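>>> Make a model of this:
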Amino acid sequence: MISAIIAPLMLVLVIIFITIGKMNRLLAAFIGAITVAFFLLYVDNIDITIVVGFLIGTDNSNLQTILFIFGMMMTIAVCEKSGVFSYIAFRLVQMSKGKSRRILIILCFFTFIFSSVTMNILCIFLIIPLTITICRILKINPLPFILSEGMVVNLGGLLFVISSIPNLLISHAINWTFPEYFIDVGFFSIYLFIINIIFLTKYNERKLETAEPNYIKRLLDYDPWMFVASKKNFYKSLVILLLTILSVIILPSFIPITIDIIALAGGIISVLLVLVKKFDSIWKSLDLELIFYLFCILFISEAIDFTGVLNFVSVGIDFITGGNPFSITILLLWLSSILSSVVHNAPITKIFIPVVRNVSTAQNQRVFFSSLTIGTVLGENLSVMGDNLVLILMVRSKGYKLTFSTFMKLGIITTMLELIASSFFLLMKVSIQFLFIGIIILLGIVVLLLLSSKILKWDKVIKIKNLRKNKLIQK
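Below is the predicted model:
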């Protein structure tokens, strides 16, 4: 079967063209999908119904994932147009009383929560201009805040089963329910957020500027309702968003309904009840390129799975790890994070799902998939591709200098910290034997981060004392 060579080759070429920025991601994925379809239909003579089925995916997983994303996009777009997120974020910042450290923590918390219910790119489009507006009012440098938000935005993708594309794809593959996912992965993202906040406040300790009292007063006097065109639409869109999220969490446990139908219904209702007259502006704000890109890239991934190539990957992982569950868990975590740093995490997840199925048993399947979703989500900050590139270019367009190296430096440090912590967390899930040592190490990371500035200061004191001693000896 020639498609067994062509399909993986096309995926690699698509990744290369997107990575080097020589071709639009949708165009690259579309050409790759058309090429794969041609070889399947006209060279390998695969039935057309099978090939068309790749668009829908195994057990309708691809279609359900994309419908869910599209539905949530509509609901979020309506909330954004109604000023919901801008109002909430600005009101939270006013609670900081203009204290830079508090502003950093509050903006990061808002970023974490907002990115857990929407796409990272939409979160960036909202939070960056808002941060710059707040910092301009206070006459302080926004870059420490923006960099911190860029590090935290991916963590929100781990909070709920609906928070990112990898989570959705895996949940459809193994029937991961909302509570099961939160127990397996979601609650740990809160720990990762906490250690990130501790690290980022320490890291930015000397970079955060203090606002003058008259500028702080101006911030506190600013009316957040200025972001809201209609209070009626504000409350309606907020209620629909909350009801949609609650329905996604609760309804599937009681009635036979999938989360994509709930999200789609929420999106349609929000448009009809809130901003039906401004549908054109909402439609333009939707990331339709992402929708079609996902269709193409998931089509190629399904074709690769169909050809049986992934069986060799499973055999390779088994050979490298010797079938040891500890080794498989760590390999999946770090390998998926590295691969996700150079390409969208959707195809990486889709390709690894059958691989994980092949190497796992009923006992350790959820642990391995937890490792996969954590790796694919966290790995995005290891590079400046994708959403990170958008963030950097947006900041530059606002007149601020943010270099790739500055972002990469902080991204690599925070991601390594997250992956190390995640490794011990996952090992605790593999075996109860690691429970005690894992808890000690995870708590130890928090303590070390809290004491880091004191350790650095003590280190400087020791160096000064040594220099004085050396001078005295020389004299």
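
>>> C-alpha only now, for contacts and for neighbours.
OK.

>>> Gly308 versus Tyr222, what's the distance?
Distance of Tyr222 to Gly308, given as C-alpha to C-alpha, to the nearest Å: 60 Å.

>>> Please apply the same query to Ser341.
As defined by C-alpha to C-alpha, Ser341 lies at a distance of 26 Å from Gly308.

>>> just Asn381 next, same as before
Distance of Asn381 to Gly308, computed by C-alpha to C-alpha: 31 Å.

>>> got a list of what Thr349 touches?
Applying C-alpha atoms under 8 Å, 6 or more residues apart in numbering to Thr349 gives the contacts Pro166, Leu169, Ile170, Ser336, Leu372, Thr373, Thr376.

>>> Report the central residue of this structure.
A centroid search over the chain (C-alpha atoms, centre = their mean) returns Asn154, at 3.1 Å, as the residue closest to the centre.

>>> ok, back up a step: of the contacts of Thr349, closest to Phe178?
If you rank the contacts of Thr349 by distance to Phe178 using C-alpha to C-alpha, Ile170 comes first, at 12.0 Å.

>>> What helices and strands are in contact with the helix or strand harbouring the closest one?
For Ile170, the element it lies in under DSSP states H and E is helix 165-174. Here helix 165-174 touches helix 61-81, helix 345-359, helix 365-378, going by 3 or more C-alpha pairs under 8 Å, 6 or more residues apart in numbering; DSSP states H and E.

>>> List the buried residues of it.
Neighbour counts over helix 165-174 (16 or more other C-alpha atoms under 10 Å) mark Ile165, Pro166, Asn167, Leu168, Leu169, Ile170, Ser171, His172, Ala173 as buried.

>>> Identify the residues contacting Leu450.
Going by C-alpha under 8 Å, 6+ apart, Leu450 touches Ile198, Phe199.

>>> now it: how far from Leu200?
Remark: distance between Leu450 and Leu200 (C-alpha to C-alpha) = 11 Å.

>>> swap in Phe125?
21 Å.

>>> So for the two, which sits in the more crowded spot?
Using other C-alpha atoms under 10 Å, the more surrounded residue of Phe125 and Leu200 is Leu200, with 25 against 13.

>>> nearest residue to the more buried one other than its sequence neighbours?
Leaving aside its sequence neighbours, Leu200 sits nearest to Ser148 (C-alpha to C-alpha, 6 or more residues apart in numbering; 6.4 Å).

>>> neighbours around that neighbour, how many?
26.

>>> so it is in which element?
Taking DSSP H and E as the criterion, Ser148 maps to helix 143-152.

>>> do Phe193 as well
Element membership for Phe193, per DSSP H and E: helix 187-203.

>>> who does whichever helix or strand comes after that helix touch, helix- and strand-wise?
Counting by DSSP H and E, the next helix or strand C-terminal to helix 187-203 is helix 213-221. Applying 3+ C-alpha pairs under 8 Å, 6+ apart, we find helix 213-221 packed against helix 120-138.

>>> then the helix it packs on to CSV, C-alphas only?
The C-alpha coordinates for helix 120-138 follow below in CSV (Å, rounded to 0.1, in the frame of the first residue of the first chain):
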residue,chain,number,x,y,z
ASN,A,120,-5.8,29.9,23.5
ILE,A,121,-5.7,32.2,20.5
LEU,A,122,-9.0,33.9,21.5
CYS,A,123,-7.7,34.3,25.1
ILE,A,124,-4.6,36.0,23.7
PHE,A,125,-6.6,38.4,21.5
LEU,A,126,-8.6,39.5,24.6
ILE,A,127,-6.0,39.5,27.4
ILE,A,128,-3.1,41.2,25.6
PRO,A,129,-4.9,44.4,24.6
LEU,A,130,-6.6,44.6,28.0
THR,A,131,-3.2,44.2,29.8
ILE,A,132,-1.7,47.0,27.6
THR,A,133,-4.6,49.3,28.3
ILE,A,134,-4.3,48.8,32.1
CYS,A,135,-0.5,49.3,32.0
ARG,A,136,-0.9,52.5,29.9
ILE,A,137,-3.3,53.9,32.4
LEU,A,138,-0.8,53.1,35.2
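
>>> pLDDT wise, what is Phe182 at?
Phe182 carries a pLDDT score of 92 in this model.

>>> Give me the nearest residue to it, chain neighbours excluded.
Once flanking residues are discounted, Phe182 sits nearest to Phe160: 6.2 Å by C-alpha to C-alpha, 6+ apart.

>>> next one: Thr131
Pro142 (6.7 Å).

>>> The one you found: neighbour count?
Neighbour count for Pro142, taken as other C-alpha under 10 Å: 21.

>>> Repeat that for Leu286.
16.

>>> My guess is it contacts Ala77. True?
Yes - using C-alpha atoms under 8 Å, Leu286 is in contact with Ala77, at 7.1 Å.

>>> is it true that Ile249 touches Phe178?
Yes - contact criterion C-alpha under 8 Å: Ile249 and Phe178 qualify, at 5.9 Å.
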